[in-house]
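**Student:** Here is my input, please return the structure:
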Amino acid sequence: MKKQIMLSGIQPTGNLHVGNYLGALKHWVELQNSGKYDCYFFIADLHSLTSDMKADDRREQITRTAAEILAAGIDPEKSTLFVQSHVPAHTELAWIFNCVTPVAELERMTQFKDKSVSQEKNINAGLLTYPALMAADILLYKPEAVPVGDDQIQHLELTRDIAKKFNKRYGEFFAEPKALLTKTPRIKSLLEPTIKMSKSKGLGHVIELADEPAVIEKKLKKAVTATEGGEGSPGVENLLLLLQHFGSESSHQAFVAAEKDGSIRYGDLKKAVGDAISTHFASFRTRRKELLDNHNEIADILIDGAHRASEVANKTMEEVRKLVGIR
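**Tutor:** Predicted structure coming up:
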């Protein structure tokens, strides 16, 4: 029985943190190990060009991101892992999609509006046309479904619209991929628990997967909780959510009960969260170090992945070129 094609990517904009893990990586590994899918996972280095990252930092981060994806459980024997820019078909198809996508639709995208505010000194054309490249990333491999959280549905809807516009102009070719909605835990910043955990806010806001136990403990000591016992503190809810995913059920339930009756001790909660996360990612830290000490292993995996991805992407592009009249 033919497996369904599954595709997803992640930007190399910083070391991966627990929000990235629960929101994407953990689900990737589950999809891969289910045996139901032919999985393609990529490092979206071309998308990262829309930010202000320096070239040397980007180069280094691509390697680190690959090491962390592998250390988290992506198996190159089961999945295809590659770097986006290593498959030139992504940019070629993105340009073709640019030429069928109305500017007005791109200007309505929430991400473009948000990025225009957060990096107001660098509102480049790539921010605007980002969704066309994302559509190319997806449609090149003709996946039946794409794993997305609620915040990514708008992009997938535009991808479906771009597929329709292409088909209407050049003939039926691209199927419209469906959303495979993932239950993404709303992990919040340690220091500002009303906003999403994000590397862009600073290292104190996130717990990275590679953080050593002492670093995790130090960060959690500064995590916002509440001034007194009782329910309703976003900071406490965030810590309880982390404990739910990384600790034991009994520990989580005990702290939930303590929060409800007002007897919760935040120092104890922070220690329990820190111990749980440190233990959960112990093998990850070991494997990550092994990979980063052997760049050749990472390079071999990414080169092989690019070759495998290119076989599929190039086949798609051969047909697309014929359809649009450049072959």
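
**Student:** CA atoms for contacts and neighbours, from now on please.
**Tutor:** OK.

**Student:** What residue spans form the domains of this protein?
**Tutor:** 4-186+295-324, 199-284 (automatic domain parsing).

**Student:** how about those domains, which one is nearest residue 192?
**Tutor:** domain 199-284 (7.1 Å; CA to CA).

**Student:** can you put the domains of the chain in JSON lines and add mean pLDDT and mean neighbour count?
**Tutor:** Output for these, formatted as JSON lines (pLDDT from 0 to 100; neighbours: other CA atoms under 10 Å):
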{"stretch": "domain 4-186+295-324", "mean pLDDT": "94", "mean neighbour count": "18"}
{"stretch": "domain 199-284", "mean pLDDT": "92", "mean neighbour count": "18"}
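
**Student:** Switch those domains over to TSV; also include distance to residue 193.
**Tutor:** As requested, the domains of the chain are exported to TSV (distance: least, CA to CA, whole Å):
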stretch	distance to residue 193
domain 4-186+295-324	10
domain 199-284	5
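
**Student:** Which phi and psi values does residue 171 adopt?
**Tutor:** Note on residue 171: its backbone torsions stand at phi 110, psi 150 [degrees, to the nearest 10].

**Student:** wait, doesn't it sit right on residue 324?
**Tutor:** No. Counting by CA atoms under 8 Å, residue 324 is not a contact partner of residue 171; they are 9.4 Å apart.

**Student:** Next up, the contacts around residue 243.
**Tutor:** 251-252, 272-273, 276 (CA atoms under 8 Å, 6 or more residues apart in numbering).

**Student:** Run through the helices of the stretch 51-200 of the chain in chain order.
**Tutor:** 55-71, 89-98, 103-107, 110-118, 125-139, 153-170 (DSSP state H, counting those that start in this stretch).

**Student:** ok, back up a step: now intersect the contacts of residue 243 with the helices, please.
**Tutor:** 251-252, 272-273, 276 (DSSP state H).

**Student:** Let me know the closest of those residues to residue 33.
**Tutor:** residue 276 (23.8 Å).

**Student:** my guess is the closest one contacts residue 246, does it?
**Tutor:** Yes. Judged on CA under 8 Å, residue 276 makes contact with residue 246 at a distance of 5.5 Å.

**Student:** okay, and the common contacts of the two?
**Tutor:** Counting by CA under 8 Å, 6+ apart, nothing touches both residue 276 and residue 246.

**Student:** Report the separation between residue 223 and residue 233.
**Tutor:** Residue 223 is 12 Å from residue 233, where distance means CA to CA, to the nearest Å.

**Student:** Can you name the residues that contact the nearest residue to residue 204 once chain neighbours are set aside?
**Tutor:** Leaving aside its sequence neighbours, residue 204 sits nearest to residue 219 (CA to CA, 6 or more residues apart in numbering; 6.1 Å). Residues counted as contacts of residue 219 (CA under 8 Å, 6+ apart) are 190, 204, 207.

**Student:** Name the nearest residue to the last one, sequence neighbours excluded.
**Tutor:** I take that to be residue 207. residue 17 (5.5 Å).

**Student:** so residue 40 makes contact with residue 80?
**Tutor:** Yes. Using CA under 8 Å, residue 40 is in contact with residue 80, at 4.8 Å.

**Student:** Name the residues contacting each of these two.
**Tutor:** Shared contacts of residue 40 and residue 80, counting by CA under 8 Å, 6+ apart, come down to residue 309.

**Student:** what are the ranges of the strands in this protein?
**Tutor:** 4-10, 37-43, 80-83, 145-148, 178-181 (DSSP state E).

**Student:** Helix 55-71 and the second one, what's the angle between them?
**Tutor:** Meaning strand 37-43. On the basis of axes from the mean of the first three to the mean of the last three CA atoms, to 10 degrees, strand 37-43 is oriented at 150 degrees to helix 55-71.

**Student:** Adjacent strands (with direction) for strand 37-43?
**Tutor:** Strand 37-43 pairs in its sheet with strand 4-10 (parallel), strand 80-83 (parallel), by DSSP bridges.

**Student:** what's the last one in contact with?
**Tutor:** Which is strand 80-83. Here strand 80-83 makes contact (CA under 8 Å, 6+ apart) with 39-45, 301-306, 308-309.

**Student:** rerun that using 7 Å as the cut-off
**Tutor:** 39-45, 302, 305-306 (CA atoms under 7 Å, 6 or more residues apart in numbering).

**Student:** go on, stretch 56-72?
**Tutor:** Residues contacting stretch 56-72 (CA under 7 Å, 6+ apart): 12-15, 284, 287-288, 291-292, 298.

**Student:** Distance check, residue 249 against residue 201.
**Tutor:** Counting by CA to CA - residue 249 and residue 201 are separated by 31 Å.

**Student:** do residue 326 as well
**Tutor:** Taken as CA to CA, the span from residue 326 to residue 201 is 45 Å.

**Student:** quick revisit: farthest-separated two in the contacts of stretch 56-72?
**Tutor:** 13 and 287 (20.7 Å).
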